[in-house]
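Student: Need a 3D model of the following:
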Amino acid sequence: MAKKVRRSSTIPTQQNQPARDRVTRAEAETRRSRRAQESAAEAYKPSPAWLVPTAVTLLILGILYMVVYYISSAQYPLPIGDWNLAVGIGILLAGGGLLTFWR
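Tutor: Numbering: from 1, shown residues only. Have a look, this model is predicted:
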């Protein structure tokens, strides 16, 4: 005669889990979501306070530099001829480059 094997009541099944295991899973899910929020907060760091004023100042200086060059008929701001355009455009590019880091 074959004996029937009884299932042990100490092994939790999906339907019959102790309350302690359910709390542990809920806590684990809470910890996981907290870690995700913290990593998202670390990924988003606001721009430094000096970034935008510096970029805007460089953009304005670059434009003013080229305007002075054209108004003075290539005599000012520096006696380097048409290279003044390169200097003005370089200042504009520096300001625009800074704005790429703005969040």
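Student: Using CSV, write down the CA coordinates of stretch 63-80.
Tutor: These are the backbone C-alpha positions of stretch 63-80, laid out as CSV (Å, rounded to 0.1, in the frame of the first residue of the first chain):
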residue,chain,number,x,y,z
ILE,A,63,28.0,90.9,-30.7
LEU,A,64,29.3,94.3,-29.3
TYR,A,65,32.8,93.4,-30.4
MET,A,66,31.7,92.8,-34.0
VAL,A,67,29.5,95.9,-34.0
VAL,A,68,32.4,98.1,-32.8
TYR,A,69,34.6,96.5,-35.5
TYR,A,70,32.1,97.4,-38.3
ILE,A,71,31.2,100.9,-37.0
SER,A,72,34.8,101.9,-36.6
SER,A,73,35.6,100.8,-40.2
ALA,A,74,38.0,98.1,-39.1
GLN,A,75,40.1,100.4,-36.9
TYR,A,76,38.9,99.2,-33.4
PRO,A,77,38.8,97.2,-31.1
LEU,A,78,42.2,95.7,-32.0
PRO,A,79,44.5,96.4,-35.0
ILE,A,80,44.4,92.8,-36.3
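Student: From Leu58, how far off is the most centrally placed residue in the chain?
Tutor: Ranked by distance to the mean C-alpha position of the chain (C-alpha atoms, centre = their mean), the top residue is Tyr44 at 4.5 Å. Counting by C-beta to C-beta, to the nearest Å, the gap from Tyr44 to Leu58 is 25 Å. C-beta: built from backbone N, CA, C; applies to glycine.
Student: Quick one, grab the pLDDT at Trp102.
Tutor: Listed pLDDT for Trp102 reads 92.
Student: Just give the number of residues close to it.
Tutor: For Trp102, the number of neighbouring residues by other C-beta atoms under 10 Å comes to 11.
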